[in-house]
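1. Take a look and give me a structure for this.
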Amino acid sequence: MRNISSLRCLFCAYPKNKFLSKYFSNQVHRKAEQIINEKRVIFSGIQPTGIPHIGNYLGALKHWVELQNESDDIYYSIVDLHSLTIPKSRDFMRDSIFNITACLLACGVNPDTTVVYQQSSVPEHTQLSWVIGCIVPVNRLKHLPQWKEKLESSIDGGGHIGRYTYPVLQTADILLYKATHVPAGEDQAIHLVLTNEFAKSFNRMHGKFFPETQMISNPTFARIRDFRDPRVKMSKSSPSINGRIELTDTDSEIHSKIKRAVTDCTSQVTYDPENRPGVSNLIQIHCGMCNITPEEACAIACNMDTGKYKSLVADAVIDQLSPIREKYLNIRKDEVKLKMVLDHGAERARVVAKSNWESIRELLGINIAEIS
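-> Below is the predicted model of the structure:
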């Protein structure tokens, strides 16, 4: 029997957001009893846009590995189609797909028990995306915050249609496997709302088929900050390489980047994300690497200034990442094996995707294969 307290749902992390808090709270109370005894179907994806950094690791990959301890159906997709919204070279894409696959394996994702596959190898993703696009109102997409941000920052009116329909494909990714749970961060919360809105619309029009999807989130590590500018989220696209620690960084690079991390003029180590984002970011990283709470981290650092604390955090990061880095370097050498992992995962994913897609076609009235 599953323990309800282990279902760490997003609404707990965002009490100030009344809409999301109420939405996810209602989900939990309405579904808690049936979730206890049900087998979960978990889906999540990661773009092949570079080597993951510690924000990706603490916010997603570490959690992905931990979820494997449950007896669930798990799909981790390398969402290469999503990454095409920003044009990249052929060689970059190819290398990045292998890089991210090697990173997943090095972190501990087990391809024997978890379905690890390349999104574009399963054509049903885009087929279901078309169906969703025929139901979701245009104005609904216009109100998504990510689109508004792109529109405001773009000099070409928001760019191509792929950026606009990105959430539609994202919804298809989740629903294609009838996922019941999605491990994700706060920036994806509104997209899960869209996913459930579409599922309800489809079920209302064609009969009950898609489940309601819950979000699983670790609020403490949802937004690891940039070392050079702790006001913003750590990102692969950060203009400064010193703003992030990648999983393949050497021990000396890790020490150097944390030593140069922006903090403030107060030497005491205290956890105050709003007023002391730089120091609080270091505490969050320390907590994630050592599986402790912010209170425990501050107690450990009670006699330290921020300089000494940075060294402690760097050592904690190195202890966690060094074995991952060595595994990655070894695994990455064998592209044949990496391709075998992705091919095997795609075969397993296609079995479920094809079955669900044929059921959807039947509900839509476009499956005439059974007529003799």
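
2. what bridges to the residue lying closest to residue 114 once chain neighbours are set aside?
-> Leaving aside its sequence neighbours, residue 114 sits nearest to residue 74 (Cβ to Cβ, 6 or more residues apart in numbering; 4.5 Å). Heads up, the C-betas are built off the backbone N, CA and C, glycines and all. Beta bridges link residue 74 to residue 42, judged by DSSP bridges.

3. What number of residues are in the vicinity of residue 74?
-> Look at residue 74: counted by other Cβ atoms under 10 Å, it has 23 neighbours.

4. Roughly how far does it sit from residue 313?
-> Noted for residue 74: a distance of 31 Å to residue 313, by Cβ to Cβ, to the nearest Å.

5. repeat for residue 118
-> Noted for residue 118: a distance of 35 Å to residue 313, by Cβ to Cβ.

6. Please identify which of those two sits among more neighbours.
-> Per other Cβ under 10 Å, whichever of residue 118 and residue 313 has more neighbours is residue 313, with 28 against 21.

7. quick one, what contacts the more buried one?
-> Residues counted as contacts of residue 313 (Cβ atoms under 8 Å, 6 or more residues apart in numbering) are 258, 282, 285-286, 289.

8. where does the residue nearest to residue 294 when sequence neighbours are not counted land in three-state SS?
-> In this structure, residue 294 finds its nearest non-sequential neighbour in residue 271, 4.2 Å apart by Cβ to Cβ, 6+ apart. Put simply, residue 271 is coil when judged by DSSP: H, G, I helix; E, B strand; the rest coil.

9. Compute the number of surrounding residues for residue 271.
-> The burial count for residue 271: 17, using other Cβ under 10 Å.

10. how near is the spatially most central residue of the chain to residue 311?
-> Nearest to the mean C-alpha position of the chain, by Cα atoms, centre = their mean, lies residue 184 at 4.4 Å. Look at residue 184 and residue 311: by Cβ to Cβ, they are 33 Å apart.

11. sorry, back to before: can you list phi and psi of the residue nearest to the centre of the chain for me?
-> phi -160, psi 170 (degrees, to the nearest 10).

12. Tally up the residues packed near residue 285, please.
-> Count around residue 285 with other Cβ under 10 Å applied: 28.

13. helix/strand/coil for the residue nearest to it when sequence neighbours are not counted?
-> Once flanking residues are discounted, residue 285 sits nearest to residue 313: 5.8 Å by Cβ to Cβ, 6+ apart. When classified by three-state DSSP, residue 313 comes out as helix.
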